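Engineer: here's my sequence, what's the structure:
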Amino acid sequence: MSKIKDFLKSPLGTALCAAAACLLAVVLVWLAAVRPNNDKSLSERISDDYSQYSAELDEANGAAQTFDTDNDLLAMAFVFGTSNGQPTGELHLELADADTGEVLARSTGDMANIVAGQYTGMGLDTPVTGSAGRRYRVTLKPEYTGSGRLTVGCSNGAVLWNDTFTVNGEAGDGTLALLVPGLLEGTTTIGELLTHGDTGIGTGEGLDGELIILDGVAYKVGQSGVAERVPDDFTMPFANVHHAAFQYQCERRDIGLEDLNNRIVEANGRANTFFSVIVRGTFSFIKTRAVIKQQAPYPTLVEVADRQAMFLRHDVKGTMLGYFSPEMFHGAAVAGFHEHFLSDDRTFGGHVLDAVLDHGKIYSQVFDTLVQHLPVDDPEYRNHDFRHDPIAEAITAAEGDKAGN
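Structural biologist: Next up, the predicted model:
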C-alpha cells in the first residue's frame, strides 16, 4: 500500500495523474493519500531517482547514504537490482546519527524476497523520533548465501545534497534512491469512502483485515476468516471504490481462477483499460487469506506476508469482486487482478489466492478514468517544482521495467 503513496509523489506518478485528469472523466475513485496535513500517513521522498544501478554490493562495505529529514523513522525503502540471478541470504540495514556515529536502529531482511526494480521496505527495530536538522547515515550490507548479487538504484550524477553516497567503500557520483515509508494508519473512513461509491475493496488501518463493499455495505474479514460489518468510522489507508453499473458478460463452469481471469480479459478486449468484475455463483473450491492486524511501529509488507491467516472452503456460494489494472499503470495500482470474496451468507471471505468456479455468472464494468486523491494540502507536495524533475527519463525507465508486485 505504501508503494502507491510513494508513486503518487514521484514525477512519474504526477505525470500520469495529470494526463488522466486532462483526458478522462470521473468514474473510478482510487484512494491513496486523502487526509490533509497527516504526515504520519504519507511517505517522504528522500530521492526517487534510480536511473542507474550501482556496482554489485560487497559484504564488507555495501552501500551507504547520508541524508536529513525531520520526520519520524519507522521504516525505509530502497530500489534494488540483481546480478547473476536472485540474491539469497540476509540484507542488514543500520541507521546511525551521521554526526555522532550513534547507531539508532537496525533491520534484517531476506534477499530472496527482493523484486528487482521495485521499492523494497525494511522496518526498523527501534522507532527513531524525528528532530529538525538531524542528519542520518544508512548502511546496507548483504550477507550472501548463493551466487546472486545485489545492486542498488541511484541517480546518475545528480547529487541532491552535499551528502555522501558510497558503494563498497568508494564515493559514488549520485544519490541512493531512498524513500521513508509512512505508517499504515487510516487516511479516510468508510463513511467518507461510501460517498464516492457503493462497491469496492480495501484494507483497514494497520492492515486490519480484507475489506469488500457490496451494495453500499462494507464487510471486513479478519484473521478468523469470519466476515463482519464495519462501522462508518472504520479507517483505511487504501481502498478502491466505484458506483456499480455492471453489465452481464457470460456464464462459466468448472474453471480455475487463472483461466477465468484470462478469459475475462480476452472477452473484454481491454488489457489497457481499468475495469471491475463480479463473479456470482458456486465455487467448488476457494482459498482466501487475511493479513493479521499490525501494530506500530509497522513491519514491512514483506514481513507481513508471513503473518497472514489462510482459509479453504468447498462448495460455497458467494460473490468475488475484483479490479483489473493495466500493466502501464503498475505502481499507481497493482497490474492485473486484485480480487476479494464474500459468501452469500456473509460469514466468510477474504483476499482471493486461488479458486475453482463450479458455475456462475460474470459481470464487468469498464472505466475510462482513474481518479487519485492526492495530498494537496501537504506543503512539500504543493510547493515542489516538478519542472526540474526527469519525468521523461522516469517514464522511459518505467516502461523498461515490467516486474509485478
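Engineer: mind listing the helices for the stretch 1-150 of the chain?
Structural biologist: For the stretch 1-150 of the chain, the helices defined by DSSP state H, counting those that start in this stretch cover 2-8, 11-23.
Engineer: quick check: mean pLDDT of the longest one?
Structural biologist: Rounded to a whole number, the mean pLDDT of helix 11-23 is 37.
Engineer: swap in the shortest one?
Structural biologist: For helix 2-8, mean pLDDT is 42.
Engineer: in the stretch 51-200 of the chain, which spans are strands?
Structural biologist: 52-53, 63-68, 73-83, 89-97, 103-110, 119-128, 135-144, 149-154, 165-167, 170-171, 178-180, 188-189, 199-203 (DSSP state E, counting those that start in this stretch).
Engineer: so which of these is nearest residue 337?
Structural biologist: Residue 337 lies closest to strand 199-203 among the strands of the stretch 51-200 of the chain, at 11.0 Å (C-beta to C-beta). In this view, the C-beta of every residue, glycine as well, is placed from N, C-alpha and C.
Engineer: buried stuff in the closest one?
Structural biologist: Neighbour counts using 16 or more other C-beta atoms under 10 Å place 199, 200, 201, 202, 203 of strand 199-203 among the buried residues.
Engineer: picking that back up, nearest to residue 260, of the strands of the stretch 51-200 of the chain?
Structural biologist: strand 199-203 (17.4 Å).
Engineer: mean pLDDT lowest where, among the strands of the stretch 51-200 of the chain?
Structural biologist: strand 178-180 (a mean of 48).
Engineer: and the helix or strand harbouring residue 279, which strands flank it?
Structural biologist: Element membership for residue 279, per DSSP states H and E: strand 275-291. Strand pairing for strand 275-291, using DSSP bridges, gives strand 308-313 (antiparallel), strand 316-325 (antiparallel), strand 349-366 (antiparallel).
Engineer: just name the most buried of those.
Structural biologist: strand 316-325 (a mean of 22; mean count of other C-beta atoms under 10 Å).
Engineer: now it: average pLDDT?
Structural biologist: In this model, strand 316-325 has a mean pLDDT of 94.
Engineer: show the subsequent helix or strand relative to it.
Structural biologist: Under the assignment DSSP H and E, the closest C-terminal helix or strand after strand 316-325 is strand 336-343.
Engineer: for the stretch 201-350 of the chain, give me the ranges with low pLDDT.
Structural biologist: For the stretch 201-350 of the chain, the stretches flagged by pLDDT under 70 are 294-307, 328-335.
Engineer: my guess is residue 260 is in a strand, correct?
Structural biologist: No - applying DSSP: H, G, I helix; E, B strand; the rest coil, one finds residue 260 to be helix, outside a strand.
Engineer: what's near enough to touch it?
Structural biologist: If you count contacts by C-beta atoms under 8 Å, 6 or more residues apart in numbering, residue 260 has them with 252, 279, 355, 357, 362.
Engineer: look up the residues forming beta bridges with the third one.
Structural biologist: Beta bridges link residue 355 to residue 286, judged by DSSP bridges.
Engineer: need the pLDDT of it.
Structural biologist: You'll see residue 355 listed with a pLDDT of 96.
Engineer: does it touch residue 257 like I think?
Structural biologist: Yes - between residue 355 and residue 257 a contact is recorded at 4.4 Å, counting by C-beta atoms under 8 Å.
Engineer: just put the strands of the stretch 51-200 of the chain in a markdown table and tack on distance to residue 283.
Structural biologist: Formatted as a markdown table, these follow (distance: least, C-beta to C-beta, whole Å):
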| stretch | distance to residue 283 |
| --- | --- |
| strand 52-53 | 44 |
| strand 63-68 | 47 |
| strand 73-83 | 36 |
| strand 89-97 | 39 |
| strand 103-110 | 33 |
| strand 119-128 | 33 |
| strand 135-144 | 43 |
| strand 149-154 | 41 |
| strand 165-167 | 51 |
| strand 170-171 | 57 |
| strand 178-180 | 39 |
| strand 188-189 | 31 |
| strand 199-203 | 17 |
